[in-house]
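Chemist: need a 3D model of the following:
(one chain, ligands or ions: 1)
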Amino acid sequence: MTIFRWLIEMQSAGQWQEVGNLSAHAVWYGPTESSKAMNIGISVLEEFRGQGIGSIAQRLLAEELHAQGVVRVEASTDVINIAEQRALKSAGFIYEGTLRKAQGRADGVHDLQVWSHLS
Ligand SMILES: CC(C)(COP(=O)(O)OP(=O)(O)OC[C@H]1O[C@@H](n2cnc3c(N)ncnc32)[C@H](O)[C@@H]1OP(=O)(O)O)[C@@H](O)C(=O)NCCC(=O)NCCS
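Modeler: Sure, this is the predicted structure:
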């Protein structure tokens, strides 16, 4: 699986500084190119959270992927991750539903919310 990654940088006093990163990978819902969605992920460095960066970065990435021809941009997040759910809502994503017991991690298998941003 190819995973694309981007740095999120912010300019402050003339200097560019890394404040987080974004990723995206393809998810296929059928064999045709028009069945390809891109699933995105984000991490904002702790000291830069709560400043709108997560919302803006995810909106900009969705818009860039739409400009590249991707109709469906999706994001999945743990049902307890309120910050990401609010960031996705602010970025223009729509909540679609919950995937039960979808993601296994060290502390167990978690339910995931699915959100999407359409071109
Ligand atoms: C989730 C994350 C990307 C959000 O980025 P951010 O830059 O802090 O988000 P924003 O500042 O754009 O805030 C977005 C919304 O979340 C809210 N929010 C931010 N931190 C919050 C928190 N800890 N708890 C509840 N809400 C929170 C903001 O108030 C804002 O809500 P509003 O739009 O209704 O005003 C960031 O917290 C992060 O990197 N977390 C760790 C990694 C992670 O969870 N990634 C997503 C995995 S799927």
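
Chemist: show me where the chain has its strands.
Modeler: According to DSSP state E, the chain carries its strands in the segments 3-12, 15-28, 36-44, 72-78, 94-105, 108-118.

Chemist: which neighbouring elements make contact with the first one?
Modeler: Judged by 3 or more Cβ pairs under 8 Å, 6 or more residues apart in numbering; DSSP states H and E, the packing partners of strand 3-12 are strand 15-28, helix 53-67. C-beta here means a position set from N, CA and C on the backbone, and glycine is covered the same way.

Chemist: run the last query once more with 7 Å
Modeler: strand 15-28 (3 or more Cβ pairs under 7 Å, 6 or more residues apart in numbering; DSSP states H and E).

Chemist: for the residue in the chain positioned nearest to the ligand, which non-adjacent residue is closest in space?
Modeler: Nearest to the ligand, among the residues of the chain, is G54, at 2.2 Å (Cβ to the nearest ligand atom). Spatially, and ignoring its direct neighbours in sequence, G54 is nearest to A87 (4.0 Å; Cβ to Cβ, 6 or more residues apart in numbering).

Chemist: the one you found touches R59, doesn't it?
Modeler: No - using Cβ atoms under 7 Å, A87 makes no contact with R59, being 9.4 Å away.

Chemist: more crowded one of these two?
Modeler: More neighbours surround A87 than the other of A87 and R59, with 26 against 17 (other Cβ atoms under 10 Å).

Chemist: report the beta-bridge partners for I94.
Modeler: Per DSSP bridges, the residues bridged to I94 are S116.

Chemist: tell me, how many neighbours does it end up with?
Modeler: 11.

Chemist: okay, the strands of the chain, which one's buried deepest?
Modeler: strand 72-78 (a mean of 21; mean count of other Cβ atoms under 10 Å).

Chemist: pairing partners for that one, with directions?
Modeler: Partners of strand 72-78 in its sheet, by DSSP bridges: strand 36-44 (parallel), strand 108-118 (antiparallel).

Chemist: turn those into a markdown table, including mean pLDDT.
Modeler: Formatted as a markdown table, the strands paired with strand 72-78 follow (pLDDT from 0 to 100):
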| stretch | mean pLDDT |
| --- | --- |
| strand 36-44 | 98 |
| strand 108-118 | 98 |
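
Chemist: great, nothing more from me.
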